[in-house]
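Novice: With the sequence up front, the predicted model follows.
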There are 2 protein chains.
Amino acid sequence: MARTAGSHSDITGPRIQDAALRLFARHGYAAVSMRQIAREVGVQAGALYNYTPDKQSLLFGLMQDHMRELLATWAARSQVPDPGAALETFTRFHIRFHLERPDEVFIAYMELRNLTPENHAAISDLRGRYEDALESILKRGVAAGVFDVADTKIATLAVIAMLNGVNTWYRAGGRLSLEQVETIYWDMVRKAVGL
Amino acid sequence: MARTAGSHSDITGPRIQDAALRLFARHGYAAVSMRQIAREVGVQAGALYNYTPDKQSLLFGLMQDHMRELLATWAARSQVPDPGAALETFTRFHIRFHLERPDEVFIAYMELRNLTPENHAAISDLRGRYEDALESILKRGVAAGVFDVADTKIATLAVIAMLNGVNTWYRAGGRLSLEQVETIYWDMVRKAVGL
DNA sequence: GTCTATATAAGGATAGAC
DNA sequence: GTCTATCCTTATATAGAC
């Protein structure tokens, strides 16, 4: 729909983020122009700069928001004492959270190299905190003697990489329900850590 | 080094591919200009078009060469009859092959969306063939009753995603040798399929 | 086969009117 | 807050000289 002149600060901001998110995920940050984003929102390119100082900040904001929400949502979960149960909770949480946000996840992984060094460090730090959440579960399981894991750091990265793969193929309405997918992956994770 | 005028068709072609590979992997296809590639090679931008019809063909060629070499190298391995041994062979082969070619692997996974639809289909087909190689091993193991895998298609994607993760963190000369990394991942794969 | 020069288009970002 | 207009830079790709 064509837009007419006027003041719309309350809705334009989120619409810019939505459009940038979708376009960055689909075509990549470098391949998307500010004019494309503006067209999607229904404003002229110059108007975008009322909401973001530049294109880089737009990308960084999307990634930072995503990582912060990931950490906050996980932290809000009541922590399960039993390592095995905690690992199952993490596995199912990770799959569900990521499948609900395919565009955010895609950007968070694919556009790291398009961040300035400072922004890259900030996002890497947030990602490291999330990895630590999983590794602490693995360490507890090893300490309790219920997990058989040779290297908790590598196992952490291996499990996350495996779970992230779901986003590359899962489509709602396909052969398997989300619940079934969660269970299949949990079965593999469980066995991989020797539980 | 600065280049002078002259005829160098025998060496310029490979040098263009090398430069494009490194630059695409580092900054992303869309973010790299033909001028950058030319500067890296030591020629003017126009000279590149003696070797490639356009930038897209340069990307496609790199990805196609990589996938074909992956398939050919795997096919050249004497196929192991025992499913468990075959899976170990695949796991160690995949890790080693991919760690030896970090730039090619990075591009093959990150730049799919920058391919034209025709080129995308061609690369996806090659990737599918590689996945089939692993899935056929898993199917044989399930049929022989030695693997415990709920869904061979998902297990295939899960294993490959897990193994690909190595490329994001492994650096030669680090805490672990390549042999140790292979063994740690093989241990997780082995357990994940119930072997 | 490479160079210089250029056609043609698009990019990020800003200025000033409304 | 948005628009129009524009500055300035860069992009892919081609043409013709050497």
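Specialist: Structure's in. What do you need?
Novice: what about stretch A:42-56 and DNA strand C, any contact?
Specialist: Yes - using C-beta under 7 Å from any atom of the strand, stretch A:42-56 reaches DNA strand C at A:A45, A:G46, A:Y49, A:P53, A:D54, A:K55, A:Q56. Every residue, glycine included, has its C-beta placed from N, CA and C.
Novice: got the residue ranges for the helices in chain A?
Specialist: For chain A, the helices defined by DSSP state H cover A:9-27, A:34-41, A:55-76, A:83-99, A:102-110, A:117-143, A:152-164, A:166-169, A:178-192.
Novice: Nearest to chain B among these would be which one?
Specialist: Across the helices of chain A, chain B has its closest neighbour in helix A:152-164 (2.9 Å, C-beta to the nearest C-beta).
Novice: now for that closest one, which elements pack on it?
Specialist: Judged by 3 or more C-beta pairs under 8 Å, 6 or more residues apart in numbering or on different chains; DSSP states H and E, helix A:152-164 is in contact with helix A:83-99, helix A:117-143, helix A:178-192, helix B:152-164, helix B:166-169, helix B:178-192.
Novice: quick one: average pLDDT of the third one?
Specialist: In this model, helix A:178-192 carries a mean pLDDT of 98.
Novice: So for that helix, what gets flagged as buried?
Specialist: A:178, A:181-192 (16 or more other C-beta atoms under 10 Å in any protein chain shown).
Novice: between those residues, which is nearest DNA strand D?
Specialist: A:L178 (37.0 Å; C-beta to the nearest atom of the strand).
Novice: From the chain's centroid, how far away is stretch A:181-191?
Specialist: The chain centroid and the centroid of stretch A:181-191 are separated by 20 Å, computed with C-alpha atoms, centre = their mean, to the nearest Å.
Novice: Also stretch A:29-40?
Specialist: Taking mean C-alpha positions (C-alpha atoms, centre = their mean), stretch A:29-40 and its chain are 22 Å apart.
Novice: Quick check: buried residues in that stretch?
Specialist: A:Y29, A:A30, A:A31, A:V32, A:M34, A:I37, A:A38, A:E40.
Novice: contacts with chain B among these, please.
Specialist: The subset of those within reach of chain B, by C-beta under 8 Å from any C-beta of the partner chain, is A:Y29, A:A30, A:A31.
Novice: Can you verify my assumption that the second one contacts B:M110?
Specialist: So that's A:A30. No - A:A30 is not in contact with B:M110 according to C-beta atoms under 8 Å; the separation is 11.4 Å.
Novice: Overlap of the contact sets of those two?
Specialist: B:G28 (C-beta atoms under 8 Å, 6 or more residues apart in numbering or on different chains).
Novice: Ramachandran coordinates for A:G165?
Specialist: phi -60, psi -20 (degrees, to the nearest 10).
Novice: got the domain boundaries for chain A?
Specialist: Annotated domains of chain A cover A:1-52, A:54-192 [automatic domain parsing].
Novice: Go through those domains and find the least confident stretch.
Specialist: domain A:1-52 - the lowest mean pLDDT of these, at a mean of 89.
Novice: For B:D132, find the nearest of the helices of chain A.
Specialist: Among these, helix A:166-169 comes nearest to B:D132, with 14.5 Å by C-beta to C-beta.
Novice: And that closest one, what's buried?
Specialist: Within helix A:166-169, the residues scored as buried using 16+ other C-beta under 10 Å are A:V166, A:N167.
Novice: and chain A, which of its residues are near chain B?
Specialist: A:26-31, A:110, A:113-114, A:148, A:150-151, A:154-155, A:157-162, A:164-165, A:168-169, A:176, A:181, A:184-185, A:187-189, A:191-194.
Novice: what about 7 Å?
Specialist: A:27-28, A:30-31, A:110, A:113-114, A:150-151, A:154-155, A:157-158, A:161-162, A:164-165, A:169, A:184-185, A:187-188, A:191-192, A:194 (C-beta under 7 Å from any C-beta of the partner chain).
Novice: circling back to that earlier point, how about the helices of chain A in JSON lines, adding distance to B:A121?
Specialist: JSON lines is the format used below for the helices of chain A (distance: least, C-beta to C-beta, whole Å):
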{"stretch": "helix A:9-27", "distance to B:A121": "18"}
{"stretch": "helix A:34-41", "distance to B:A121": "25"}
{"stretch": "helix A:55-76", "distance to B:A121": "29"}
{"stretch": "helix A:83-99", "distance to B:A121": "25"}
{"stretch": "helix A:102-110", "distance to B:A121": "20"}
{"stretch": "helix A:117-143", "distance to B:A121": "33"}
{"stretch": "helix A:152-164", "distance to B:A121": "24"}
{"stretch": "helix A:166-169", "distance to B:A121": "16"}
{"stretch": "helix A:178-192", "distance to B:A121": "26"}
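Novice: quick one, which of those helices is packed in tightest?
Specialist: Burial of those is given as mean neighbour count (mean count of other C-beta atoms under 10 Å in any protein chain shown); helix A:152-164 ranks first at a mean of 22.
Novice: returning to what we had before: now, of the residues of stretch A:42-56 next to DNA strand C, which are buried?
Specialist: A:K55.
Novice: from the residues of stretch A:42-56 next to DNA strand C, which two are the most distant?
Specialist: A:G46 and A:Q56 (17.4 Å).
Novice: Return the residues of chain A in contact with DNA strand C.
Specialist: Contacts of chain A with DNA strand C, taken as C-beta under 7 Å from any atom of the strand, map to A:V32, A:S33, A:M34, A:R35, A:Q36, A:A45, A:G46, A:Y49, A:P53, A:D54, A:K55, A:Q56.
Novice: near DNA strand D, which of the residues you listed show up?
Specialist: Applying C-beta under 7 Å from any atom of the strand to those, those adjacent to DNA strand D are A:A45, A:G46.
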